[in-house]
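Trainee: need a 3D model of the following:
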Amino acid sequence: MFERTRLAALVGVVGMCCSAEAQPGSCGIDCPTSTGHGADKAGTCLNFLNNERVWEDYILPDSASTLNSLGAYHRCKYLPGNEVLSGYKMCVLDVLDSTREFTVITQGICLPDICDGMLIEALIKQLVDCKNGSTLLSNYTSKECSGLDQSIVQKTIQQWNVSARLPQIQAYTHYNSENIEFHCGDNDDTTLNPLGIVMLSLTAILILLCITSELVEQSEQRQLMESQHATNSLNNTSRGANRSLLGRKERKNWSYWRKLLKTFCPSDTIHSLLERSASRTLAGLDGLRSISMMWIILAHTQLLSLSLGTDNENAEHLMTETLPQQFSLGSSLAIDIFFFLSGLLTTYTLLRRMRKNRKNSFPAHTFIGLRYLRLTPLYAYILLCYASVAVHFGEGPVWFRLSREASLCTEYWWSNLVYANNFFPHRYHSSCMPWSWYLACDMQYFIIGLFILTVYLRTRIVGLFLSVALVVCGVVSGYLLLLHYSDTQDDYFDKPYTRVTPFGVGILLGILLVDLDWIHVRIRSSVSYVLMLVSLVVMGGVIYVDYVNFTPTAKPWSAEADAAYQAFGRLAFAIAVATVTFLCVNENRGIVNWVLSLSLWEPLGKLTYGAYLVHPIIIRCYYFQQVMLFHYMPFNQFVVFVAMVFISYVVAAMLHVLVELPFASITKLIVTSRR
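Mentor: Here you go, the predicted structure:
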């Protein structure tokens, strides 16, 4: 649990301490007036800070004077009434939780540009590490050591209550400054790097291709209609049929380059997006997929507000210790639904094709290559844009957080594009687009699934055994790892062997639906209703049973109990989801099937991949350009959630038209042209 600790005092510490060269962890310190590296710059900073007007006009009014506030960012950085730089910069002091994922305390401090943030950070960390930090601070801010006007020192210490607050910070951090960060000035990025130029140029080319393709398509359609209008000897029916036949003949005779240009036609891609399939035997899966996606957006919208920081002390209580919010905390189960659907659809589509063609083998390497070509273009486009262009979408006192995350993609982009980013880098928060661990697992599962289905088509009993082994592997490995390792994020959460259970359940259901024809099994209505009710109760139970760990008076579960919940709870949830899916597709009807089969889910289901990739970037861009911390209230969070869902799907639709579907069509064109 996050213990909210008052840190307003450290604003005063930062404002007075401009240079420190001693190493963190020791209680000795070099005075800023001493000679050596950084002394000249520190002396210039001290000249500013010894000016009482600087304090009265900038530092005091523009810095945050209360806990968890970012101060007046624009008033600090720019002169009043215009966008001319003022010569000051907003610095941000962060105290992070033990996972370094959430900001517990944030404080904004307005300082002159000449003051060195790195030196100030070193001093702050040293003060926190030293058990005699208050004495160290007094010595450092003395007239002899710092050269600061003592009236300013005493006024600041008294106004921000420095002497009382520093021990509270030390109590929270346990004299360990590892999770304390201080950033100055890196709150916007105005220089476009070469990769950014390339990505903007590529985007312009794609837009130009779409416009050109649409203009050519419209021109050909007009010519076709004119030629049909001239054939007035035919009746309306034959004229329509002849038009269709003529269109097919002309397209069949198109050159390869004309067909290639056709793949970028926006009217075709939009029609494909909105078109309702006539043979949706698994129609409810679109609803299941779309609702799961919104569940994930809900959780990320909430959790990333903690990454920004909140200005109300009870935010963590509202997010974790209230029953309605437990639903968003269980959002990792939405990823399990994705894994289940992946296993089910891989098995269902492949087995149906094999049975229809009376074959017992398939080119697995070709399928893997096609899947890679299907998923990677959009993935690579978003990744490279995130690494090079997203940093120019905003600015603010904490915008450095997005810049820092995006910069990781310049180092680890290759691990994403080979779908190995759930293993390298080892730390989740050091990876590029860390939420894309799911794509790595999904690709790895696809390869494993093809191997199992290859075996199954030759020896059913061995294939079934391997499918069951996947389910057992996820349960056993998850339980053992959670029991012996404390870092659940890096050792458990994103590893394929711990999350494979729902994928295995999906394979087993796919085999039952195709080879045992469970899709046409007749079940009595009463039995169907009971099974559906039990499945929904199990799903809800798995989500909410963990709530007891978040209540203020509850005793947390033991390591054994928590490991058992994560391992066996995911198995129970996957089986319940499989039961709901089975009941929805085997010709039984009910309110759940009706909701999941609504026509609106089909286009949203097609956009799930794009929405999953872009929504964390959109949420980060929104939160990290805020000049005030988020005030958490359930309704405020709901409004942000609705906005994030809408914007994410709009952006996903644009990318679907611009990148995803055109490149999928190009892949199909290349494959068919070689046959």
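
Trainee: rest of the way, CA atoms for contacts and neighbours
Mentor: Noted.

Trainee: need phi/psi at residue 112.
Mentor: Main-chain dihedrals, residue 112, degrees, to the nearest 10: phi -60, psi 150.

Trainee: what about it, how many residues nearby?
Mentor: 24 (other Cα atoms under 10 Å).

Trainee: quick one: contacts for it?
Mentor: By Cα atoms under 8 Å, 6 or more residues apart in numbering, the residues touching residue 112 are 45, 48, 87-89.

Trainee: over to residue 221?
Mentor: By Cα under 8 Å, 6+ apart, residue 221 has no neighbours at all.

Trainee: and it, how far is that from residue 215?
Mentor: Taking Cα to Cα, to the nearest Å as the measure, residue 221 falls 10 Å from residue 215.

Trainee: check residue 574 too.
Mentor: With distances taken as Cα to Cα, residue 574 is found 48 Å from residue 215.

Trainee: looking at these two, which one has more neighbours?
Mentor: residue 574 (27 against 13).

Trainee: hang on, the earlier thing: what subset of the contacts of residue 112 is buried?
Mentor: 45, 48, 88-89 (16 or more other Cα atoms under 10 Å).

Trainee: which of these lies closest to residue 356?
Mentor: Nearest to residue 356 among the buried ones among the contacts of residue 112: residue 89, at 67.9 Å, using Cα to Cα.

Trainee: one step back: tabulate the contacts of residue 112 (a markdown table), appending pLDDT.
Mentor: Formatted as a markdown table, the contacts of residue 112 follow (pLDDT from 0 to 100):
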| residue | pLDDT |
| --- | --- |
| 45 | 74 |
| 48 | 75 |
| 87 | 83 |
| 88 | 86 |
| 89 | 86 |
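
Trainee: now the residues you listed in a markdown table, with secondary structure and distance to residue 582?
Mentor: Converted to a markdown table, the contacts of residue 112 look like this (DSSP: H, G, I helix; E, B strand; the rest coil; distance: Cα to Cα, whole Å):
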| residue | secondary structure | distance to residue 582 |
| --- | --- | --- |
| 45 | helix | 69 |
| 48 | helix | 72 |
| 87 | coil | 65 |
| 88 | strand | 63 |
| 89 | strand | 59 |
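
Trainee: next, format those as CSV and append distance to residue 626.
Mentor: Compiled in CSV, the contacts of residue 112 are given as follows (distance: Cα to Cα, whole Å):
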residue, distance to residue 626
45, 28
48, 28
87, 21
88, 19
89, 16
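
Trainee: what segments of the stretch 1-150 of the chain are helices?
Mentor: 9-16, 39-49, 52-54, 60-62, 73-77, 117-129, 133-140, 143-146, 150-160 (DSSP state H, counting those that start in this stretch).

Trainee: quickly, which of these bottoms out on average pLDDT?
Mentor: Of all the helices of the stretch 1-150 of the chain, helix 9-16 carries the lowest average pLDDT, namely a mean of 40.

Trainee: roughly how far does residue 407 sit from residue 93?
Mentor: On the measure of Cα to Cα, residue 407 and residue 93 end up 21 Å apart.

Trainee: more neighbours, the two?
Mentor: Using other Cα under 10 Å, the more surrounded residue of residue 407 and residue 93 is residue 93, with 24 against 18.

Trainee: quick one, helices of the stretch 451-600 of the chain?
Mentor: 460-484, 488, 496-499, 501-515, 525-544, 559-585, 591-596.

Trainee: of all those helices, which one comes closest to residue 437?
Mentor: If you check each of the helices of the stretch 451-600 of the chain against residue 437 by Cα to Cα, helix 496-499 wins as the nearest, at 9.5 Å.

Trainee: for that closest one, the averaged confidence score.
Mentor: Averaging pLDDT along helix 496-499 yields 94.

Trainee: what does that helix contact?
Mentor: So helix 496-499 is contacted by 336, 441, 444-445, 473-475, 477-478, 492-493 (Cα under 8 Å, 6+ apart).

Trainee: run the chain-centre distance for that helix.
Mentor: 19 Å (Cα atoms, centre = their mean, to the nearest Å).

Trainee: closest to the centroid, which residue in the protein?
Mentor: For the chain, residue 616 is the residue whose C-alpha lies nearest the centre (Cα atoms, centre = their mean; 3.5 Å).

Trainee: report how many residues lie close to residue 518.
Mentor: 17.

Trainee: and the helix or strand that residue 668 is a member of, what's buried?
Mentor: Following DSSP states H and E, the helix or strand that holds residue 668 is helix 661-673. Residues of helix 661-673 classed as buried: 661-667 (neighbour count, 16+ other Cα under 10 Å).

Trainee: can you show me the helices along the stretch 301-450 of the chain?
Mentor: Assignment of helices within the stretch 301-450 of the chain using DSSP H, counting those that start in this stretch yields the ranges 315-320, 326-329, 332-357, 364-388, 400-407, 409-417, 437-458.

Trainee: nearest to residue 631, out of those helices?
Mentor: Nearest of the helices of the stretch 301-450 of the chain (Cα to Cα): helix 315-320, 7.9 Å.

Trainee: and the closest residue to residue 665 other than its chain neighbours, what does it touch?
Mentor: Spatial nearest neighbour of residue 665, chain neighbours left out: residue 263 (5.8 Å); criterion: Cα to Cα, 6 or more residues apart in numbering. Contacts for residue 263 (Cα under 8 Å, 6+ apart) come out as 661-663, 665-666.

Trainee: cutoff 7 Å now
Mentor: Residue 263 makes contacts with 662, 665-666, as judged by Cα atoms under 7 Å, 6 or more residues apart in numbering.

Trainee: then residue 468?
Mentor: residue 504.

Trainee: chain center to the longest helix seen in the chain: distance?
Mentor: Longest helix in the chain, counting residues (DSSP state H): helix 194-230. Averaging C-alpha positions (Cα atoms, centre = their mean) puts helix 194-230 33 Å from its chain's average.

Trainee: sorry, back to before: so which of the helices of the stretch 301-450 of the chain gets nearest residue 633?
Mentor: Of those, nearest to residue 633 by Cα to Cα is helix 315-320, at 7.5 Å.

Trainee: distance to residue 293 for the helices of the stretch 301-450 of the chain - can I get that in JSON lines?
Mentor: Formatted as JSON lines, the helices of the stretch 301-450 of the chain follow (distance: least, Cα to Cα, whole Å):
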{"stretch": "helix 315-320", "distance to residue 293": "20"}
{"stretch": "helix 326-329", "distance to residue 293": "12"}
{"stretch": "helix 332-357", "distance to residue 293": "7"}
{"stretch": "helix 364-388", "distance to residue 293": "17"}
{"stretch": "helix 400-407", "distance to residue 293": "23"}
{"stretch": "helix 409-417", "distance to residue 293": "21"}
{"stretch": "helix 437-458", "distance to residue 293": "13"}
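
Trainee: where among these is the average confidence lowest?
Mentor: helix 315-320 (a mean of 66).

Trainee: please tell me how far residue 507 sits from residue 342.
Mentor: Computed as Cα to Cα, the residue 507 to residue 342 distance reads 8 Å.

Trainee: between the two, who's got more neighbours?
Mentor: residue 507 (28 against 22).

Trainee: show me the contacts for that one.
Mentor: 343-344, 347, 467.

Trainee: swap in 10 Å and give it another go.
Mentor: 340-348, 449, 452-453, 464, 467-468, 470-471, 513 (Cα atoms under 10 Å, 6 or more residues apart in numbering).

Trainee: returning to that earlier point: wait, doesn't the residue nearest to the centre of the chain sit right on residue 297?
Mentor: Yes. Using Cα atoms under 10 Å, residue 616 is in contact with residue 297, at 7.9 Å.

Trainee: so for the longest helix of the chain, what gets flagged as buried?
Mentor: 196, 199, 203, 206-207, 209-210, 212-214, 216-217, 224, 228.

Trainee: done for today, thanks.
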